[in-house]
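K.L.:
show me the folded form of this:
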Amino acid sequence: MEVLPLVALVAASAAVAGLARRTPVPAPLLLVAAGLVAAYLPGMPDYTLDPHIVLPLLLPPLLYTAAVDSSYLDLRANFRPVALLSVGYVLFATLVVGYVVHLVVPGLPLTAALVLGAVIAPPDAVAATAIARRLGLPNRITTILQGESLVNDATAITAYKVALAAVVGEGAGWAGGITEFLLASVGGVGVGLLLMVPIHHLRTRLREPLLQNTLSLLIPFVAYAVAERVHASGVLAVVVVALYLGHRAWQVDFATRLQEAAVWKMVAFILESVVFALIGLQLPVVLKDLGEYEGLDAAWYALAVFLVVVVARFVWVFPATFLPRVLSARIRKREPTTDWRSPVIVGWAGMRGVVSLAIAFSIPLTLDDGSPFPYRNLILFLTFTTVIATLVVQGLTLPPLIRLLRLPPRDVQAETLAEAQAQSEASRAADERLTELLEDPANQLPPPLADRLRTVLERRRNAVWERLGEVNPVTGESADEVYRRLSREMIEAEREVFVDLRDRRRIDDEMLRVLLRRLDLEEAAAYREE
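P.N.:
Here you go, the predicted model:
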């Protein structure tokens, strides 16, 4: 693809995603809608989805940034529901969707129908994470949805390879398929385990933030490529490495963490925006070769597949939620109680996305004997319609459904109290350490500087407690919020003076940059919670 159309795609996607932040419509839905409309604008370039780009170049960084921001401890605590969804549900959906489509579409071989089942089985990592973050779901539901979306692509891709081998006549039966699945899964986890410690060791030894962040950008691609090279799951390798690095991020220096957070936030924003816009832009490509299935037959097949996908998820989610609790006293004791509302939300949050389309586009045009792949165009069409239908129907109705069910919101007061208690303990330890250091003659400071250290520490300790206190009757702000706002106003006044001095040639641009960076760091510290 030429450079200009690619730049235009990124710029337009970012603009639409930015616009979505000012509307109640989730960004993924607005981006898909914009892609659908743009697909038929005059002069629109051909943005055909290339699986050789999406799977190795877009999927790894999206998985990496989602996994790094996930909690290893929370995922471990919810391992059972996450595994049941990311592995059990995907395999169940593959079989159910495949068998039903085989019955509904005349002449469609079961093996080809199972290919379709594997393609549309995994809910989308990006859509689930983006919508869960925006809706403020309870922590456990968010963790389960994020955990599912991190691993289910590996299950679906492996199931797709097994089903595809059966279509082209290379299948080794159920035993061979299970063996391939286990080897890919174990291999992917193994590659991740082998890479995570050396990569983390290298990250902690590099002292230059630019080099550390360059390494950070390469990590997901390296993990994915190494795993795929040995025919293991690149998805699982990326997730394992990212979870480990995220869990150990505190061991990397502060400059790297600050820069890395900003870099990955930008990368995730751009990639997520482009991914959803690309979904909508595939409409002309999908419809072009639909052929004999145009019209009511195609619409009926699309509706049937969408309904089966939705129903199959509920059929799996409810027993997977309650049956283990009925059968195991240990699970009842270890896991928090839940009612019917949580599985309803999890069941309805099964949006499909770009990974399904990328896998579908990777289906070969012909078999080994040169004959056309059976019903390939119909599989592409049904994948596309299922992705669009789940994003639009479920994505638009999920927020009102959550409001209707009145799920218990996150306890912000309890979270703030826990934060304040943690900060108080840490500040106490820091105060004791400061006293110990100042007793050493090598660390003697003038009293004003020693007092300044204690003042900063006291400010940090009191800031969280102040959020629990009374608010300003005029502005509704806490004392901490008023402090930070006034701090920003003071910093802005200093910044204007520095710029004015530069404009009057009292200082040069190099000195201005040094002074502005100092103010930027102070402002970032004052607004660290934002």
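K.L.:
pLDDT score for the closest residue to Pro56 other than its chain neighbours?
P.N.:
Setting aside the residues directly before and after it, Pro56 is nearest to Tyr224 in space (Cβ to Cβ, 6 or more residues apart in numbering), at 6.2 Å. From N, CA and C alone the C-beta is placed, and that goes for glycine too. Among the per-residue scores, Tyr224 holds a pLDDT of 95.
K.L.:
can you check Phe181 too?
P.N.:
Model confidence at Phe181, expressed as pLDDT, equals 80.
K.L.:
can you pull the contacts of it?
P.N.:
Applying Cβ atoms under 8 Å, 6 or more residues apart in numbering to Phe181 gives the contacts 155, 158-159, 162.
K.L.:
what do you get for Tyr375?
P.N.:
With contacts defined as Cβ under 8 Å, 6+ apart, Tyr375 is in contact with 105, 108-109, 112.
K.L.:
which element is the residue nearest the centre of the chain on?
P.N.:
The structure's the chain has its C-alpha centroid closest to Ala66; by Cα atoms, centre = their mean the separation is 3.6 Å. Following DSSP states H and E, the helix or strand that holds Ala66 is helix 59-68.
K.L.:
please pull up the helix or strand immediately following that helix.
P.N.:
Next in sequence after helix 59-68, counting helices and strands by DSSP H and E, comes helix 72-77.
K.L.:
next one: the helix or strand following that following helix to chain centre, how far?
P.N.:
Beyond helix 72-77 in the direction of the C-terminus, DSSP H and E gives the next helix or strand as helix 79-83. Here helix 79-83 is found 18 Å from its chain centre; the criterion is Cα atoms, centre = their mean, to the nearest Å.
K.L.:
how far off centre is stretch 481-497?
P.N.:
35 Å.
K.L.:
give me the buried positions along that stretch.
P.N.:
Residues of stretch 481-497 classed as buried: 481, 483-484, 491, 495 (neighbour count, 16 or more other Cβ atoms under 10 Å).
K.L.:
tell me the contacts of Val105?
P.N.:
Listed by Cβ under 8 Å, 6+ apart, the contact partners of Val105 are 113, 301, 375, 378.
K.L.:
and the contacts of the host helix or strand of the last one?
P.N.:
Here Leu378, judged by DSSP H and E, is contained in helix 376-389. Contacts of helix 376-389 from elsewhere in the structure, counted by Cβ under 8 Å, 6+ apart, are 32, 36, 101, 105, 108, 112, 115-116, 119-120, 124, 279-280, 282-283, 286-287, 289-291, 293, 298, 301-302, 305-306, 309, 352-354, 356-357, 360-361, 363, 365.
K.L.:
low-confidence bits of the protein, can you list those?
P.N.:
Within the chain, the set of residues satisfying pLDDT under 70 comprises 1, 125-136, 169-177, 289, 291-295, 409-413, 415, 463-472, 476, 526-530.
K.L.:
hmm, back to that, redo the buried residues of stretch 481-497 as TSV? Include secondary structure and distance to Val267.
P.N.:
Shown next, in TSV, are the buried residues of stretch 481-497 (DSSP: H, G, I helix; E, B strand; the rest coil; distance: Cβ to Cβ, whole Å):
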residue	secondary structure	distance to Val267
Glu481	helix	31
Tyr483	helix	33
Arg484	helix	28
Ile491	helix	28
Arg495	helix	28
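K.L.:
let me know the closest of those residues to Gly43.
P.N.:
Within these, distances to Gly43 taken as Cβ to Cβ reach their minimum at Arg495, with 44.4 Å.
K.L.:
what's the nearest residue to the closest one if we skip its chain neighbours?
P.N.:
Sequence neighbours aside, Leu519 is the residue nearest to Arg495 in space, at 5.6 Å (criterion: Cβ to Cβ, 6+ apart).
K.L.:
over to Val387?
P.N.:
With Cβ to Cβ, 6+ apart as the measure, Arg352 is the residue that lies nearest to Val387, at 4.5 Å, once sequence neighbours are left out.
K.L.:
the nearest residue to Leu58 once chain neighbours are set aside - how many residues pack around it?
P.N.:
When the adjacent residues along the chain are set aside, Leu58 lies closest to Leu271, with 5.9 Å between them (Cβ to Cβ, 6+ apart). The criterion is other Cβ atoms under 10 Å. On that basis, Leu271 has 20 neighbouring residues.
K.L.:
after the helix or strand containing Leu271 comes which helix or strand?
P.N.:
Remark: Leu271 resides in helix 254-281, with elements defined by DSSP H and E. Downstream of helix 254-281, the first helix or strand assigned by DSSP H and E is helix 283-288.
K.L.:
next, the buried residues of that following helix.
P.N.:
By neighbour count on 16+ other Cβ under 10 Å, the buried set for helix 283-288 is 283, 285-286.
K.L.:
the helix holding Ala66 - contacts with which helices or strands?
P.N.:
The helices and strands touching helix 59-68, judged by 3 or more Cβ pairs under 8 Å, 6 or more residues apart in numbering; DSSP states H and E, are helix 125-135, helix 139-167, helix 209-229, helix 234-247, helix 254-281.
K.L.:
could you give the angle of that helix to helix 234-247?
P.N.:
Helix 59-68 and helix 234-247 meet at an angle of 40 degrees, taking axes from the mean of the first three to the mean of the last three Cα atoms, to 10 degrees as the criterion.
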